[in-house]
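**Q** give me a model of this one.
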Amino acid sequence: MAERTVLAFDRQEYSRAQLDATADGLAASLRERGVLPGDRVALMSSNRPEFVVAVLGIWRLGAAVVLMSPAWKRDEVVHALDVTG
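**A** As a prediction, this is how the structure comes out:
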(Lines give C-alpha, C1' and ligand atoms only; values in the text may rest on other atoms or scores of the structure.)
Protein backbone atom coordinates (compact mmCIF):
# COMPACT_ATOMS: atom_id res chain seq x y z
CA MET A 1 0.00 0.00 0.00
CA ALA A 2 1.35 3.42 -0.96
CA GLU A 3 2.02 5.88 1.80
CA ARG A 4 -0.24 8.89 2.11
CA THR A 5 1.06 12.13 0.57
CA VAL A 6 1.67 14.81 3.20
CA LEU A 7 3.38 17.38 0.96
CA ALA A 8 3.10 18.10 -2.74
CA PHE A 9 5.13 20.53 -4.82
CA ASP A 10 5.05 20.83 -8.59
CA ARG A 11 4.65 17.22 -9.69
CA GLN A 12 6.49 15.68 -6.75
CA GLU A 13 4.70 14.14 -3.78
CA TYR A 14 6.30 13.36 -0.42
CA SER A 15 5.22 10.90 2.26
CA ARG A 16 5.85 11.51 5.96
CA ALA A 17 8.49 8.78 5.86
CA GLN A 18 10.34 10.56 3.03
CA LEU A 19 10.26 13.89 4.84
CA ASP A 20 11.38 12.28 8.11
CA ALA A 21 14.28 10.43 6.47
CA THR A 22 15.50 13.56 4.71
CA ALA A 23 15.11 15.70 7.85
CA ASP A 24 16.98 13.09 9.89
CA GLY A 25 19.84 13.24 7.38
CA LEU A 26 19.97 17.01 7.59
CA ALA A 27 19.85 16.90 11.39
CA ALA A 28 22.81 14.48 11.42
CA SER A 29 24.78 16.78 9.11
CA LEU A 30 24.00 19.84 11.24
CA ARG A 31 24.96 17.93 14.41
CA GLU A 32 28.31 17.02 12.81
CA ARG A 33 28.81 20.73 12.12
CA GLY A 34 28.24 21.57 15.78
CA VAL A 35 24.58 22.57 15.99
CA LEU A 36 23.34 21.86 19.53
CA PRO A 37 20.01 22.04 21.36
CA GLY A 38 19.13 25.65 22.05
CA ASP A 39 21.18 26.99 19.15
CA ARG A 40 19.61 29.28 16.59
CA VAL A 41 19.94 28.41 12.92
CA ALA A 42 19.22 31.00 10.23
CA LEU A 43 17.17 29.67 7.33
CA MET A 44 16.68 31.62 4.13
CA SER A 45 14.46 29.76 1.75
CA SER A 46 11.54 30.17 -0.56
CA ASN A 47 8.43 28.04 -0.07
CA ARG A 48 9.71 24.68 -1.24
CA PRO A 49 9.88 21.15 0.16
CA GLU A 50 13.47 21.82 1.24
CA PHE A 51 12.14 24.51 3.57
CA VAL A 52 9.94 21.96 5.35
CA VAL A 53 12.83 19.48 5.56
CA ALA A 54 15.17 22.13 6.96
CA VAL A 55 12.71 23.24 9.65
CA LEU A 56 12.05 19.64 10.69
CA GLY A 57 15.78 18.83 10.74
CA ILE A 58 16.63 21.87 12.87
CA TRP A 59 13.78 21.13 15.29
CA ARG A 60 14.96 17.53 15.64
CA LEU A 61 18.16 18.87 17.18
CA GLY A 62 16.22 21.03 19.63
CA ALA A 63 17.49 24.14 17.88
CA ALA A 64 15.41 27.16 16.89
CA VAL A 65 14.82 28.27 13.33
CA VAL A 66 15.41 31.93 12.51
CA LEU A 67 13.40 32.52 9.34
CA MET A 68 14.74 34.96 6.78
CA SER A 69 13.16 36.00 3.53
CA PRO A 70 15.12 35.68 0.28
CA ALA A 71 13.55 39.03 -0.63
CA TRP A 72 15.35 40.83 2.20
CA LYS A 73 18.16 43.20 1.36
CA ARG A 74 21.60 42.74 2.93
CA ASP A 75 20.96 45.28 5.70
CA GLU A 76 17.75 43.49 6.70
CA VAL A 77 19.56 40.15 6.90
CA VAL A 78 22.38 41.65 8.96
CA HIS A 79 19.85 43.22 11.32
CA ALA A 80 17.95 39.94 11.74
CA LEU A 81 21.16 38.07 12.49
CA ASP A 82 22.21 40.72 14.99
CA VAL A 83 18.94 40.67 16.94
CA THR A 84 18.67 36.86 16.98
CA GLY A 85 22.27 36.11 17.84
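
**Q** need the residues that contact the helix or strand containing Leu19.
**A** In the assignment (DSSP states H and E), Leu19 maps to helix 16-32. Contacts of helix 16-32 from elsewhere in the structure, counted by C-beta atoms under 8 Å, 6 or more residues apart in numbering, are 3-4, 6-7, 41, 49, 52-54, 56-58, 60-61, 63. The C-beta positions use only the backbone N, C-alpha and C, and glycine is treated the same way.

**Q** return the residues in contact with Gly38.
**A** The neighbours of Gly38, taking C-beta under 8 Å, 6+ apart as the test, are 62-64.

**Q** can you select the buried ones from those residues in ChimeraX?
**A** Paste this into ChimeraX to select the buried members of the contacts of Gly38, with burial taken from 16 or more other C-beta atoms under 10 Å:
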select :63
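
**Q** so which residues of this protein form helices?
**A** In chain order, the chain shows helices spanning 16-32, 49-60, 74-84, with DSSP state H as the criterion.

**Q** great, nothing more from me.
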